Every structure is written in structure tokens, then in C-alpha cells.
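1. pasting the structure only:
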DNA sequence: CGTCTCGATGACACCGGTGTCGACAACGCG
DNA sequence: CGCGTTGTCGACACCGGTGTCATCGAGACG
């Protein structure tokens, strides 16, 4: 026995016997433009586009947003067709598309992300997974991502994790599964964790890693060219006359630390200098290790006249060590850091450092995640800037 | 004419004529425990709870997660009943509840947040809206929120905004509407924006504001007691013998700045000192304004022996100014900051400062947002710690 | 022992989109 | 003119939960 929908279908068909589609479109369109949408207002409006507002206000008053059904009804098409318009399906008449788009604009209709998420079994959430690198950087990344996804249906959900926790992978798996993330962005240092990246991909989301070096899955990498940046900085020190240049490395096992080491060596050889193992001390990216490294480097008989530290915190530590030994900076020893964190600008003397273009990198990364067709399908490399501040001067022999 | 579901219903009824509910429960429960779930395995298992694993593995292999229908089928109840279990509905038999819970545990079933979001017209997303206070704080808040919502169905979505943008309110409205946020958390300084808080409430989400003072909607406030903290710090300076204490305020119009001023005055009077308007200079929370303020304060004939700065950045500025005038810190002038940002620990000398218990505050705030019944229904106040570092010493007359 | 109430549960529609598949019109072709 | 083909579009079921209301058995009660 035919139920209600079928009857409606019959009605539609009957209707269409007497009018071709084009005419239908035009008529609906005309009603819209002149603002007389009878089923809703029930009275005439003057020839402004006011009725759209009225409809809209009526909904607003009820705290309701227009749904796909409203658009379909007003356009005189099925909701599937509206769906096609939203998703820019190619197999759809141009006139129909334009008409529906006009209705959408008039109603200020926005698709419900939750319903789409349910139907598509995929959410429009970008996950930012990180393990506490410096706060400045995390915030910069968040802002960069927002730059890209603002005014889209995407949202950014963050998930700080602890990379030393044995359950980290499991936690992240549950998180991604539950929220049905669309894509995830990995920040250093956990961006170097291949198992994690693979897990995310297995869970069906695209992955973009921010890092400082070439990794296996190149297409989804956004990296700074640390090596080049450090090399340039060292070459600059050499130009200033420094020949004994100390180096504080990052912790072993960190790709970024390795890249900076390579850059340091490259910079030295560009300047015709040979690396001196006694002038290289390992640090762990923390303030205290910077103090220790500085003490060790500056204790020798022929201390370096400049010290490159693999991050700002350690550079601040080196500064402390220098001062503790009665040396003044930059007169006795020049110091360069890396990252341009807030510390760099606020210590005395202000620290020369290398700045990652974090926000721009995050913008690109978000683009790769959300609109892979518009972003380059190869790794993106960004060159860092050398921020020259008072902590470096010419070498006085 | 009866359709398929109705036939199924009849079958169920027939079945129940011959067995009372309790028995059904027991039987299903037994099958579960012994691990023989015939409809799925089709063969016996040894008396371990292995079959659950098998079922689970089968689903995993297909990349599918159990749905409410699976739970319902395995439990022999309707999905509505499962729904009641999930939502801890009170009108539901205890035995049934336990049985369903056992099945849920066995399947490791997790409700689909998107489907719930659609049905409830409300998402389980907590929005963190902030306008660039210091990065350390934002990150601390994010971690605190995560502490609370980890292992729940909630997720944290962040939204940095620009409070100077004319479209800020509109942007935030669209954001909340589109994502159907469950609740939002507002950080200073925009947590002081009453219009914004009202907008969020109008949009149907609960609001928790973090701040430094009592506001209008007290129940949803998490605040630090800046006034008390500053007062204590000043009293301590007085105990150390300082009588001429300088003050660098925050910018006008900021509640936090006002609170710190009040605390300063209170601290002075506790120590029997009178505020001296010449020892108070207005700053804007930025490094440069700290330099200017320091210069001004220290230029007089009788400069203060201690300076309280309303945040760390400005304190670092004061430090610069002191050094520029040939004064040493803390020998000539003691300095106290506020916030305990990364700068405080890494400048020389390490800065005595007041630390907000940010992470704990954020934990509480998230609790108020997500489980209002367990959190206190009144404003929560947190007392800040004074972190004593080398930048303060006794006053040498 | 019939009736009424009440606790516990299920059938069904619904939230707002999407995929599938079939219907229909216009068109080209033998 | 009958036929298949192509371009558009709609009916329907479905995603995985929730609200509403009806239903059923059991105990209270007259």
C-alpha cells in the first residue's frame, strides 16, 4: 500500500507533466528574489529581499538553524540534490546549482557537521597531538592552523600527550577512534615517531608531520630547514671573525638535534674551519644542561669566543655560566640560540637566535590536511630567519 | 499490514511467554562468561573469556567498532535499553543494567559521539576561547582541561581570537553554532567580557570563566585570588625591611590589573606603610612598558629598594632598566614579578614571582563544565604561590 | 478475582546529512 | 518510430544514537 512519501512523489510527477524543469526553477527563483515566499510569510512584502530576513528571523527566534530540508523545500528540489550542491557534485545541472546556491545564501544555511560526520563516518576535526615542546611554538602552531581553517567546517582539537607514558599509543588510538578525526598533525619531538604516524594512518586519517628533517612519508611533511639555518648562522659568526666557536648540541635521538649538528659542521667548513670535538658539548634542550655546557666550554684555557646553542633555553643557561665565570656577554663571548622563544627577547643581553616561521608552517600543514588538492603534494620546506640581537658582536682579537 | 519489525516484536513476545526476564538475563550472562556466544563463533571455546576477544578481533579486522545494535543484540535487549544503561537512567532493572554493562565491557563498546551529538543536538566539545595571554598559561590551561576530560567522551577544541577585531563576537557565534559546543571556557582578558559570556549562554552552552576577580555569574567562575597573593608578597617585602616599594601596574580596564593594585595597597597597609603615588607607574603588561616604568621609578632621588611588577614581562623590563642605570639586582633593588612564566626562571637573576596554579584551576574549570553536579556550585578561588628566587634580598639600609 | 497502578522495557520516528539505485526526459540512432 | 544512452534528479534506506509513547507483567486494592 502506498504510504505518504510515495503519494508525494506522484504529486510531483503529475506536476512535472505540465511544466518543464527550467520553468520551475525560474518561478521559484523569482519568488525568492522578489521576496514573496508564500508558504512562510503568508502575505506580500514590498520588493526588497526582506522575506528572506523574515524567514531567517523566524527561525532565529525559535533558536533553530535552517536544515537541508528547508533548503530543499524552498528550492523545490530534493534534499539529495541540495546535498549534491553542497558537495560540488559534477553531475548536476548548472541552473539548478545556482538556484540552490541562492537559496542557501539567502537562508545562511550551514550544513550540520555532526550529521555529516555521522553519515560519512568521519568527523571534520583536526587533531593536534604534541608533547610539550615550548609553549610559544604550540601556540604559534594553533594560530597558524586556525588561520587556515577559520571559516571552514573544520575545527581544531588539541591533545597534549606524554611521550614517556607507556600507554601513549593506546591513548592516542582511543582518542582518534572516538573522535573519528579527519586528520592529525604531529609536532616535534613526537612527529619523529614513525609508529605513531603509521597508527594514525591505519586509523584512516591523514597525517601531517612538522619537523626539522626529511622523513619517510615526504608528501605530508612540513619542515624547517634547520641545517641550512644553522649553517648560515655559523658562517655569519665566522665572517665576524670568530674562529673558535663552541656548540651545545641537543639530546641524542632527536632529529632536530642531529640536523642542527650537521648544519653546524657544514657552516664551519663553509668558513674553512675544522670542527673541534673539544668545543662541542651535549645538552638536553633544558636550561640546566645549558649551564653545565657553558661551564665546561668556558673553563678551558682557550675558551671559544662564540657559542652556538641548539635552543634558547640552553643559550640562557650558557649565559648564566658565562656570567658566573666573570665573563661578560657579548664582549667576551657571543651567544646564539635557536627557536626565538619569549626568553630570547627578554633576557639581557637580548639573544641572537634562529626563528622558525612556525605560524606559516602550520598554515601550510593545515592546508595539506584539509585541502590536499590545493597544497603541494611534496614536502614543504621553510627557511628560518636569523634574528640578530645584542648577544653577538665581532670577535675582538 | 504488519511489516517486518512488528513481526519481530511478536516473536519476542511469544518468547517471553515461556520465560521470565530474570531467567533470560541469567542465561545470556552465563553464555557471556563462559565465552560461548553461538551466533558469532559457531563453535565451542574453552572456558576462558576468549570468544569476546574473537568477536572483537573480527570487528577490528573489518575496521569496525561495535555499535549500540551489537550490544543490544548480544544482551538480548533493545537498543533503547542499552541507551538507558549508557545514560545511567534510574528507571531500569539492576540485573539488566549489570548484564548490559558486562556486554559493553566485553565488546569495549564506546558510544559514537557524533551520533549522540546529532540526536541530542549538542556536541561533546569544550571550546577554549582565548586571546593571547601568555603562551605558558594557555598551554597550562589546555593541559589542565585534558587532565579532567581524558577518558571521557569530551574533547577540547581551541579557538584563538583577536579581541580587537570588530567581528570577534560574530566569529565566535558562528563557531559555537556550527560546532554545537557543549561548553566554553573563557580565559583572561576576554573572560572579563560580559557580552561575550552572555552570547555563549544564549547559544545554549555553559560558560566557565577564568579570571582574577569576582564577576557577575559567580557559579561558573574559577579565579585566582590575586589580591591576597600580591598583598602577601608586599607584606613579605616589608618584613625584609623594604619601606620604599615601587609598583608597576597593569593596563587600565583589566580586572587582573585592578586586583593586583588593590592587593598592593592592602599589603602596604598591613605593613603599616602608606602608598606613595610617585612610586606607582602604569604599565601595559608588555616588556617595553616595564623598561619605561623601571627607568622612571629608579630615576628619582630616593629610588625604591624593591619593585613589584604586575607581570613577569614587565619585571624583566624593570630589570633591564635597572641594569642600564648601573644598578645591580638584587643588591640595589629587589624585583618581584607575577605569573611565573618561563622568562622568570631563565633570566638573571632568577625572578621571584607569583605563580597561578593554572593547571589546577583549569582542571576545576573543566569539571564545572563537564560534570557540574560533582563540582562546587559556587565560585572557586585559588591562592597563588609566591615563588622565591634570587631577585629579592633583604633591604640593606 | 477483576481492575488499577506502576516499574521496566520495546517499537518507532527522528536528528540532518549521505550512498545507492532507479526513474524520467532529451537525445542520437538505425 | 522504437530503441538504447546519457544527463539529472528523487525515493529510500542508512549512519548510531535519543525521545515519546505504548505495552506488558506484577503487585496493590476493592
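-> That came in fine, so what should we check first? In this text the structure is predicted, and so the values were computed from the model without any measurement. Numbering: from 1, shown residues only, chains lettered A, B, ... in the order given.
2. where do the strands sit along the stretch 101-250 of chain A?
-> For the stretch 101-250 of chain A, applying DSSP state E, counting those that start in this stretch gives strands covering A:125-130, A:155-160, A:183-186, A:206-211, A:221-224, A:245-249.
3. Those strands into JSON lines, with extra columns for distance to residue B:153, mean neighbour count and mean pLDDT?
-> For the C-beta atoms, the positions are set from N, CA and C on the backbone; glycine is no exception. Output for these, formatted as JSON lines (distance: least, CB to CB, whole Å; neighbours: other CB atoms under 10 Å in any protein chain shown; pLDDT from 0 to 100):
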{"stretch": "strand A:125-130", "distance to residue B:153": "13", "mean neighbour count": "25", "mean pLDDT": "95"}
{"stretch": "strand A:155-160", "distance to residue B:153": "13", "mean neighbour count": "22", "mean pLDDT": "96"}
{"stretch": "strand A:183-186", "distance to residue B:153": "18", "mean neighbour count": "26", "mean pLDDT": "94"}
{"stretch": "strand A:206-211", "distance to residue B:153": "24", "mean neighbour count": "24", "mean pLDDT": "90"}
{"stretch": "strand A:221-224", "distance to residue B:153": "31", "mean neighbour count": "24", "mean pLDDT": "88"}
{"stretch": "strand A:245-249", "distance to residue B:153": "43", "mean neighbour count": "27", "mean pLDDT": "97"}
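4. TSV please, covering those strands and showing distance to residue A:297.
-> Shown next, in TSV, are the strands of the stretch 101-250 of chain A (distance: least, CB to CB, whole Å):
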stretch	distance to residue A:297
strand A:125-130	31
strand A:155-160	34
strand A:183-186	34
strand A:206-211	28
strand A:221-224	26
strand A:245-249	4
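5. For DNA strand D, which of those is the nearest?
-> For DNA strand D, the closest of the strands of the stretch 101-250 of chain A is strand A:125-130, at 16.3 Å, according to CB to the nearest atom of the strand.
6. So which elements touch the closest one?
-> helix A:135-149, strand A:155-160, helix A:168-179, strand A:183-186, helix A:358-370 (3 or more CB pairs under 8 Å, 6 or more residues apart in numbering or on different chains; DSSP states H and E).
7. can you tell which of the ones you listed is closest to chain B?
-> helix A:135-149 (3.8 Å; CB to the nearest CB).
8. Give me the buried stretch members for the closest one, please.
-> By 16 or more other CB atoms under 10 Å in any protein chain shown, the buried positions in helix A:135-149 come out as A:135-146, A:148-149.
9. Among those, which one lies nearest to residue A:256?
-> Of all the buried residues of helix A:135-149, residue A:137 has the smallest distance to residue A:256: 11.4 Å, by CB to CB.
10. Just give the closest residue to the closest one, not the sequence neighbours.
-> residue A:358 (5.7 Å; CB to CB, 6 or more residues apart in numbering or on different chains).
11. count of neighbours near the one you found?
-> 23 (other CB atoms under 10 Å in any protein chain shown).
12. do residue A:123 as well
-> Using other CB under 10 Å, residue A:123 has 26 neighbouring residues.
13. any idea how far residue A:117 is from it?
-> Distance, residue A:123 to residue A:117, using CB to CB, to the nearest Å: 4 Å.
14. Can you pull the residues that touch both of these two?
-> Contact criterion CB atoms under 8 Å, 6 or more residues apart in numbering or on different chains; residues bridging residue A:123 and residue A:117 by contacting each: A:180, B:114.
15. mind listing what residue A:390 touches?
-> A:330, A:349-350, A:352.
16. Domain ranges for chain A, per the record?
-> A:4-111, A:119-224+A:360-382, A:226-356 (automatic domain parsing).
17. Go through these and pick out the most buried.
-> Ranked by mean neighbour count, the domains of chain A are led by domain A:226-356 with a mean of 21 (mean count of other CB atoms under 10 Å in any protein chain shown).
18. Now do it: distance from first to last residue.
-> Domain A:226-356 has its terminal residues 9 Å apart, counting by CA to CA, to the nearest Å.
19. From the chain's centroid, how far away is that domain?
-> Mean C-alpha position of domain A:226-356 versus that of the full chain (CA atoms, centre = their mean, to the nearest Å) differs by 29 Å.
20. Could you do stretch A:172-179 as well?
-> Between the centre of stretch A:172-179 and the centre of its chain there are 19 Å (CA atoms, centre = their mean).
21. average pLDDT across it?
-> Across stretch A:172-179, the average pLDDT comes to 90.
22. How about stretch A:340-349?
-> In this model, stretch A:340-349 has a mean pLDDT of 88.
23. start to end distance for it?
-> For stretch A:340-349, the first-to-last residue distance is 14 Å (CA to CA).
24. Run through who's touching it.
-> Residues outside stretch A:340-349 that contact it (CB under 8 Å, 6+ apart): A:134, A:136-137, A:311-313, A:315-316, A:319, A:329-330, A:337, A:350-351, A:353-356, A:387, A:389-391, B:134-135, B:287, B:313, B:316, B:319-320, B:323, B:341-343, B:346-348.
25. Show me the residues you listed that map onto helices.
-> A:136-137, A:312-313, A:315-316, A:319, B:135, B:287, B:313, B:316, B:319-320, B:323, B:342-343, B:346 (DSSP state H).
26. can you list the buried residues of helix A:135-149 in JSON lines and add pLDDT?
-> Output for these, formatted as JSON lines (pLDDT from 0 to 100):
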{"residue": "A:135", "pLDDT": "86"}
{"residue": "A:136", "pLDDT": "85"}
{"residue": "A:137", "pLDDT": "89"}
{"residue": "A:138", "pLDDT": "94"}
{"residue": "A:139", "pLDDT": "94"}
{"residue": "A:140", "pLDDT": "94"}
{"residue": "A:141", "pLDDT": "96"}
{"residue": "A:142", "pLDDT": "96"}
{"residue": "A:143", "pLDDT": "95"}
{"residue": "A:144", "pLDDT": "96"}
{"residue": "A:145", "pLDDT": "97"}
{"residue": "A:146", "pLDDT": "96"}
{"residue": "A:148", "pLDDT": "94"}
{"residue": "A:149", "pLDDT": "93"}
